[in-house]
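Asker: Would you be able to build a 3D model of this:
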Amino acid sequence: MSDKRARVGWRGYIPAIVTPFAADGALDLGGLGAMLEWLHAEGMHGLILAGTTGEWTSMSADERAALFSAAGAQLADKLPLIAGCSSFTARETIAFAVHAAAQGFEGILVTPPPYIRPNEDELFGFYTEVAAGSPLPVCIYNWPPGTAIDMPVALLERLAGIDNVVAIKQSTSDLRRFTETFFRLNDTVRIFGHSMDEHGLALLEARGGDGTMGAGGVLGRVQPDFYNHLWAGDIAAARACGRKDRAILEDWYTPELTGRFGSGPAVLKAALRLRGVPAGFVRAPLREVSPAYDAAIRETLARLDCL
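Answerer: Just a heads-up that it's a prediction; the model follows:
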């Protein structure tokens, strides 16, 4: 194992979780605490706070800091916590990283700055500055649907050479692109993005791998159990869990990984509420899933024995 890979122990199913907001839009820290308790009890291998699914784009800096403080106080000594620190500038990202470190987080997750679409040299400069200023290890997040940038593997290889970069979350729907990233960089940094289906299972069986930073943990124990069964050598049980994860991707998401019934956070929050988990509501400009789609979400959960 490379020195950089060994700096963190992240592996398995690490969901990017939703951020509970009250119906009036206020940050709901009480709901967050109950949801974190449920996710921990369901056996998640780690959690990402304030990622894409966590609606960081509608949160103030103070709210994101409060989110990190609350989650760290509850779970920092129980499982790995990774702070979503994406922002428009390296200075803002570093400030979030410093606060997350003080709350017991183990790392930060960072997309390219959205909207402005920096070129490859600008991205290298951005991540170099973030990595130098962050007291926590960095996981680079390639998220084309949200940033309009699909970082090529050659650039990811260059970024993987930055000292404090220890992982890459490769959120592409292109299996070939993910596989190329994995084969070229897995010996250097941890690579997350394995699909929990036959393709992902075949790769994990043949070559190993670190895991999946998935959305929401909405299926509870089913999703971490994909990896638990795989590590125990029970491939049939892992395959059964993977089929359930694949079902929600096919039922609720487009091939481009955006929600079919609304935004990704809205779909996941609707599903979690149907499960009795206090996931709260989305914050404007996002809107709740139309009641017309509640039946479709409920049908999937019922079919997967998750109600």
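
Asker: For the rest of this, base every contact and every neighbour count on C-alpha atoms.
Answerer: OK.

Asker: Span of stretch 156-167 from start to end?
Answerer: Using C-alpha to C-alpha, to the nearest Å, one end of stretch 156-167 lies 10 Å from the other.

Asker: List the buried residues for it?
Answerer: Under the neighbour-count criterion of 16 or more other C-alpha atoms under 10 Å, stretch 156-167 has 156-157, 159-160, 162, 164-167 buried.

Asker: Serialize the residues you listed to JSON lines and add fields for pLDDT, distance to residue 212 and secondary structure.
Answerer: Shown next, in JSON lines, are the buried residues of stretch 156-167 (pLDDT from 0 to 100; distance: C-alpha to C-alpha, whole Å; DSSP: H, G, I helix; E, B strand; the rest coil):
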{"residue": "156", "pLDDT": "98", "distance to residue 212": "18", "secondary structure": "helix"}
{"residue": "157", "pLDDT": "97", "distance to residue 212": "20", "secondary structure": "helix"}
{"residue": "159", "pLDDT": "98", "distance to residue 212": "20", "secondary structure": "helix"}
{"residue": "160", "pLDDT": "97", "distance to residue 212": "18", "secondary structure": "helix"}
{"residue": "162", "pLDDT": "97", "distance to residue 212": "22", "secondary structure": "coil"}
{"residue": "164", "pLDDT": "97", "distance to residue 212": "21", "secondary structure": "coil"}
{"residue": "165", "pLDDT": "98", "distance to residue 212": "18", "secondary structure": "strand"}
{"residue": "166", "pLDDT": "98", "distance to residue 212": "15", "secondary structure": "strand"}
{"residue": "167", "pLDDT": "98", "distance to residue 212": "12", "secondary structure": "strand"}
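
Asker: just curious, which of those residues is nearest to residue 190?
Answerer: Taking C-alpha to C-alpha as the measure, residue 190 lies nearest residue 167 of the buried residues of stretch 156-167, at 4.4 Å.

Asker: Report the contact partners of that closest one.
Answerer: By C-alpha atoms under 8 Å, 6 or more residues apart in numbering, residue 167 lies in contact with 5, 138-140, 160, 189-192.

Asker: Quickly list what it is bridged to.
Answerer: Following DSSP bridges, residue 167 is listed with bridge partners residue 139, residue 190.

Asker: I'd like the distance between it and residue 44.
Answerer: Distance from residue 167 to residue 44, counting by C-alpha to C-alpha: 19 Å.

Asker: wait, residue 293 sits on residue 259?
Answerer: No: with contact defined as C-alpha atoms under 8 Å, residue 293 does not reach residue 259; the gap is 11.8 Å.

Asker: The two - which one has more neighbours?
Answerer: When residue 293 and residue 259 are compared for neighbours, residue 259 comes out ahead with 19 against 15, by other C-alpha atoms under 10 Å.

Asker: So what sits opposite that one in the bridge?
Answerer: Beta bridges link residue 259 to residue 253, judged by DSSP bridges.

Asker: any idea of the pLDDT on it?
Answerer: pLDDT, the model's per-residue confidence, is 75 for residue 259.

Asker: Now for it: which residues touch it?
Answerer: By C-alpha under 8 Å, 6+ apart, the contact list for residue 259 reads 252-253, 267.

Asker: 10 Å instead?
Answerer: Contacts for residue 259 (C-alpha atoms under 10 Å, 6 or more residues apart in numbering) come out as 249, 251-253, 265-268, 289.

Asker: What's the ChimeraX line that selects buried ones from these?
Answerer: Buried residues within those, by 16+ other C-alpha under 10 Å, are selected in ChimeraX with:
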select :249,252,253,265,266,267,268,289
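
Asker: Now distance to residue 124 and secondary structure too, for the contacts of residue 259, in TSV please.
Answerer: Output for the contacts of residue 259, formatted as TSV (distance: C-alpha to C-alpha, whole Å; DSSP: H, G, I helix; E, B strand; the rest coil):
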residue	distance to residue 124	secondary structure
249	32	helix
251	37	helix
252	34	helix
253	31	strand
265	30	helix
266	33	helix
267	34	helix
268	33	helix
289	38	coil
